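**Q** From the sequence below, what's the structure:
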Amino acid sequence: RRVSSVLNRDVKQFGKQHLFDGSEETCWNSDQGTSQWVTLDFPRPVKVSQLHIQFQGGFSSQLCTLEGCRTGEELVKISELYPQDSHAMQISFPRMMVEETVLDKLKITFGSSTDFFGRVVVYHLGVLGERL
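**A** You can find the predicted model right below:
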């Protein structure tokens, strides 16, 4: 896992580990900027079918671009998602991912943040699919 930035470089309080810890009390909070992202490297190929994401209302992305690739290849655009600006869990079924795109790496770019400074706050990120 890699992220574009962490608010005030405070990785203990706002680091990437909080994307997957299952706690409703913690979150990944990016620093300000026009484009934030999360990259996931899988230990073996996966077929991704769903994306679950929970933003903090007021700090969500209006556009999420999904890119993926196999090991040693360049990232290619898979899909674009248009999340709601809410705190609710959002479940997406990207068209191309439903067709079972096989990936070793997934990059989610958060563009057009609803926050004036470009910050993104994510409480939960889940990628569902099948390990190969």
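
**Q** Report the spatially closest residue to Cys64, excluding sequence-adjacent ones.
**A** What sits nearest to Cys64 in space, not counting adjacent residues and going by Cβ to Cβ, 6 or more residues apart in numbering, is Leu81, at 4.3 Å. Where C-beta positions appear, they are placed from N, C-alpha and C, glycine not excepted.

**Q** That neighbour and Ser92 touch, don't they?
**A** Yes - with contacts counted by Cβ atoms under 8 Å, Leu81 reaches Ser92, the gap being 5.0 Å.

**Q** shared neighbours of these two, which are they?
**A** Common neighbours of Leu81 and Ser92, using Cβ atoms under 8 Å, 6 or more residues apart in numbering, are Leu51.

**Q** number of nearby residues for Leu19?
**A** Here the number of neighbours of Leu19 (other Cβ atoms under 10 Å) works out to 20.

**Q** Leu51 too?
**A** Counted with other Cβ under 10 Å, residues neighbouring Leu51 total 23.

**Q** I'd like to know how far it sits from Met89.
**A** Taking Cβ to Cβ, to the nearest Å as the measure, Leu51 falls 11 Å from Met89.

**Q** moving C-terminal of the helix or strand of the chain with the lowest mean pLDDT, what's the next helix or strand?
**A** For the chain, the helix or strand with the lowest mean confidence is helix 95-98, at a mean of 53 (criterion: mean pLDDT, DSSP states H and E). Along the chain past helix 95-98, the next helix or strand (assigned with DSSP states H and E) turns out to be strand 102-113.

**Q** Give the pairing partners of the helix or strand that that next one is followed by; include direction for each.
**A** Once strand 102-113 ends, the next helix or strand along the chain (criterion: DSSP H and E) is strand 121-131. Strand 121-131 has the following sheet partners, assigned by DSSP bridges: strand 28-29 (antiparallel), strand 35-55 (antiparallel).

**Q** what's the closest non-adjacent residue to the residue nearest the centre of the chain?
**A** Geometric centre of the chain, nearest residue: Ile108, 4.5 Å, by Cα atoms, centre = their mean. Distances taken as Cβ to Cβ, 6+ apart place Val38 nearest to Ile108, at 4.9 Å, with adjacent residues excluded.
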